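> test case, fold it:
(chains A and B)
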Amino acid sequence: MVEPTNPNTQEAKFLKSKCPDCDAELEIPADTEKGEIVSCSGCGLELEVKTIQDGCIDLQELTIEGEDWGE
Amino acid sequence: MSIALLYERSENDEAGIKQTAQQLGIDLKFIPFRKIALTISKKDFSAKTKGKDYTETFNQTAVVLNRAQSKNRRLQASYIMETLGKKTLNTSQVEFICYSKLRTLLKLWKANLPVPKTVFVPCDASDFMKNHKEIHNEKDIADLFQTEISINDGIVIKADAGTHGKMIMLSKTREELLTNIKETKPNIINPIGVVAQELVNKWFYDLRIIVYKENGKQATCHNKALARAGFKDFRTNTFLGNLVFEAKLPQSVTDLAIKCGNTLGEGNNAWIFALDAMINVSDKQHVDEAFLKAQLDLAAQAYLPVQKIKADETRLTDFSAWNSKLEQTFSMYASSNSYQKVKNIIDENIENNKNALVFHEANSCPEFWENTRLVTGLNVAIPLLKTAQSLIN
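Next comes the predicted model:
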């Protein structure tokens, strides 16, 4: 969970978080809702918004498996 | 110049490779092979995601450890990287062979290595005429299969590029065979035709054997294999919920596995494979099956805590702590009486029937962190990284 930066200013339309995979700084629109899927701009990883509470956002990597994935 | 780990999603295996690279002091770069634009234009090449330019990472990479999970994307990734002058593990040539069960079997068969009897019919289960009318070929294909393999012994239809046991179907009657052929429509894991194989009576287990070759060295086979065991299904994939046991390999089997590796990796300086093998145990089952089933049931109980840890999503947030828990619970499972009893039955059965072993598949990008590593004691990330490193040296 990461605190939003300066929630009282004009710029505070984004919540900040980090990509769990590549550590890129993520700016998630503040009006994002629980269950929405966002992508990391650094590595493209898809993340699900698990919770948004008091300006904090919790993201979790999506488990995806393609038809030809695996061994 | 460094080694880059190319991946689609960082799953447990990739997290394990990262952790192992840190422990070995290997500087590993990362190339996400996902939402990235790989652009060729005049003499330039660039690789950019929406938020990051990876072109310099590409430029600084000497060897690409290709861990794209999709068979199709992995093949494409190897070819792209080689065109850019990178060395790859495995090479696109190897990926091309391993992509297809049929190509793998052909290569092994040509080298006189043991494989199950396999029949390939190039035509698809149905075709469409120009007027959109559908023509059914199932009966003709079934006839062709049945002239080569008796339906009474069982005919297994396999998706040529299938993974995790998907679209592997057993037929014991003509009706089942027709239904299963009909299911095998052209798709991403079976682009053309239908592959059928004799049913190998492997009793209750099959083997996964790790072989690898570093540049400038002889090929190596780890002398302990992963045995995947259970009576739930004729398929023994761990993905289908089967249990895992360590299996000691006789020298004759490791020698044979090395020959397989050298055959599939022919012309390449370095390679790594997880070979899947079955032993045609037939009626040479040396213990009472009721006793074995009882031991497997007990082992399944002992395995429950391991399954619980595997499903624990803390692996996504604290891989190291999750891994410690996984290792502890697995160690308890492996020291249970039932595990040891089943393991001994497998070891004895392999020793008694080692001449009846057939290889049926080779995996160029094996999953290893959760099963193979814990069962065999071989952290496959080490040969993966050292083999990649040998291509720089």
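> where exactly do the helices run in chain A?
Here chain A has no helices by DSSP state H.
> give me every residue in chain A lying close to chain B.
By the rule CB under 8 Å from any CB of the partner chain, the part of chain A lying against chain B is A:20-22, A:24, A:39-45, A:60-61, A:64-71. C-betas here are computed from N, CA, C, even on glycine.
> which residue does the stretch 251-393 of chain B bring closest to chain A?
Closest residue of the stretch 251-393 of chain B to chain A, CB to the nearest CB: B:Asn363 (4.2 Å).
> measure that residue to B:Trp271 for me?
Taking CB to CB, to the nearest Å as the measure, B:Asn363 falls 12 Å from B:Trp271.
> between those two, who's got more neighbours?
B:Trp271 (26 against 20; other CB atoms under 10 Å in any protein chain shown).
> thought the more buried one was touching B:Asn90?
Yes. Under the criterion of CB atoms under 8 Å, B:Trp271 makes contact with B:Asn90 at 5.4 Å.
> tell me, what's touching those two both at once?
Shared contacts of B:Trp271 and B:Asn90 (CB atoms under 8 Å, 6 or more residues apart in numbering or on different chains): B:Gly265.
> what about stretch B:57-74, start to end distance?
Counting by CA to CA, to the nearest Å, you get 19 Å between the two ends of stretch B:57-74.
> pull out the buried positions in that stretch.
B:58, B:61, B:63-74 (16 or more other CB atoms under 10 Å in any protein chain shown).
> ok, stretch B:153-168 next?
For stretch B:153-168, burial by neighbour count (16+ other CB under 10 Å) applies to B:154-168.
> one more: stretch B:309-316?
Applying 16+ other CB under 10 Å to stretch B:309-316 flags B:309-310, B:315-316 as buried.
> how long is that stretch end to end?
12 Å.
> check stretch A:13-29 too.
6 Å.
> mind giving me the domain ranges of chain B?
According to automatic domain parsing, chain B comprises the domains B:2-89, B:98-102+B:202-383, B:117-198.
> in strands, which of the buried residues of stretch B:153-168 fall?
B:155-158, B:168 (DSSP state E).
> need those residues in CSV (columns: pLDDT and distance to B:Tyr7).
CSV is the format used below for these (pLDDT from 0 to 100; distance: CB to CB, whole Å):
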residue, pLDDT, distance to B:Tyr7
B:Ile155, 98, 37
B:Val156, 97, 32
B:Ile157, 97, 32
B:Lys158, 96, 27
B:Ile168, 94, 26
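> what's the closest of those to chain A?
B:Ile168 (13.0 Å).
> check contacts around the closest one.
Applying CB under 8 Å, 6+ apart, the residues contacting B:Ile168 are B:156-159, B:162, B:235.
> before we move on, back to that, and of the buried residues of stretch B:309-316, the nearest to B:Glu148?
Taking CB to CB as the measure, B:Glu148 lies nearest B:Lys310 of the buried residues of stretch B:309-316, at 40.5 Å.
> got phi/psi on that closest one?
With angles defined as degrees, to the nearest 10, B:Lys310 sits at phi -60, psi -40.
> before we move on, the earlier item: out of the domains of chain B, nearest to A:Gly55?
Proximity to A:Gly55, assessed across the domains of chain B by CB to CB, is greatest for domain B:98-102+B:202-383 (20.5 Å).
> re the thing from before, so which of the residues of chain A next to chain B are in strands?
Residues of the residues of chain A next to chain B located in strands (DSSP E): A:39, A:60-61.
> what sits closest to B:Thr61 if chain neighbours are left out?
B:Ala4 (4.1 Å; CB to CB, 6 or more residues apart in numbering or on different chains).
> what sits opposite the one you found in the beta ladder?
Counting by DSSP bridges, B:Ala4 is bridged to B:Lys29, B:Val64.
> related to what we said a few turns ago, can you redo the domains of chain B as a markdown table with distance to B:Ile392?
A markdown table is the format used below for those (distance: least, CB to CB, whole Å):
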| stretch | distance to B:Ile392 |
| --- | --- |
| domain B:2-89 | 5 |
| domain B:98-102+B:202-383 | 9 |
| domain B:117-198 | 30 |
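> out of those domains, which gets nearest to A:Val49?
Evaluated over these, closeness to A:Val49 peaks at domain B:98-102+B:202-383, with 14.7 Å, by CB to CB.
> straight-line length of that closest one, end to end?
Using CA to CA, one end of domain B:98-102+B:202-383 lies 19 Å from the other.
> residue numbers of the stretch 51-200 of chain B in contact with chain A?
Checking the stretch 51-200 of chain B against chain A by CB under 8 Å from any CB, the hits are B:51-52, B:69-72, B:161, B:163-164, B:166, B:187-189.
> what backbone torsions are found at the residue nearest to B:Gly267 when sequence neighbours are not counted?
Spatial nearest neighbour of B:Gly267, excluding adjacent residues (CB to CB, 6+ apart): B:Gln93 at 6.8 Å. Torsion angles at B:Gln93 (phi, psi; degrees, to the nearest 10) stand at phi -60, psi -40.
> repeat for the one 4 residues further on
The phi and psi torsions at B:Ile97 (degrees, to the nearest 10) take the values phi -70, psi -50.
> tell me how many other residues crowd it.
For B:Ile97, using other CB under 10 Å, the count is 24.
> about what we covered before: just the ones in helices from the buried residues of stretch B:57-74, please.
If you go by DSSP H, the buried residues of stretch B:57-74 have B:58, B:71-74 in helices.
> tabulate those residues (a markdown table), appending distance to B:Met332.
Below are these laid out as a markdown table (distance: CB to CB, whole Å):
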| residue | distance to B:Met332 |
| --- | --- |
| B:Phe58 | 45 |
| B:Lys71 | 35 |
| B:Asn72 | 39 |
| B:Arg73 | 38 |
| B:Arg74 | 35 |
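> now tabulate those residues in CSV and tack on distance to B:Lys325 and pLDDT.
Below are these laid out as CSV (distance: CB to CB, whole Å; pLDDT from 0 to 100):
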residue, distance to B:Lys325, pLDDT
B:Phe58, 37, 96
B:Lys71, 31, 96
B:Asn72, 35, 96
B:Arg73, 32, 96
B:Arg74, 30, 97
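> most widely separated two among the residues you listed?
Among those, the pair separated by the greatest distance (CB to CB) is B:Phe58 and B:Lys71, at 22.5 Å.
> what are the ranges of the helices in chain B?
Secondary structure of chain B by DSSP H: the helices cover B:12-24, B:55-59, B:71-83, B:92-99, B:101-110, B:138-148, B:174-183, B:251-264, B:289-311, B:319-334, B:337-353, B:372-376, B:381-392.
> helices or strands next to the fourth one in the packing?
The contact analysis (3 or more CB pairs under 8 Å, 6 or more residues apart in numbering or on different chains; DSSP states H and E) places helix B:92-99 against helix B:71-83, helix B:101-110, helix B:251-264, strand B:357-363.
> same question, the last one
Secondary-structure packing of helix B:381-392 (3+ CB pairs under 8 Å, 6+ apart): strand B:2-7, helix B:12-24, strand B:61-67, strand B:87-89, strand B:205-213, strand B:271-279.
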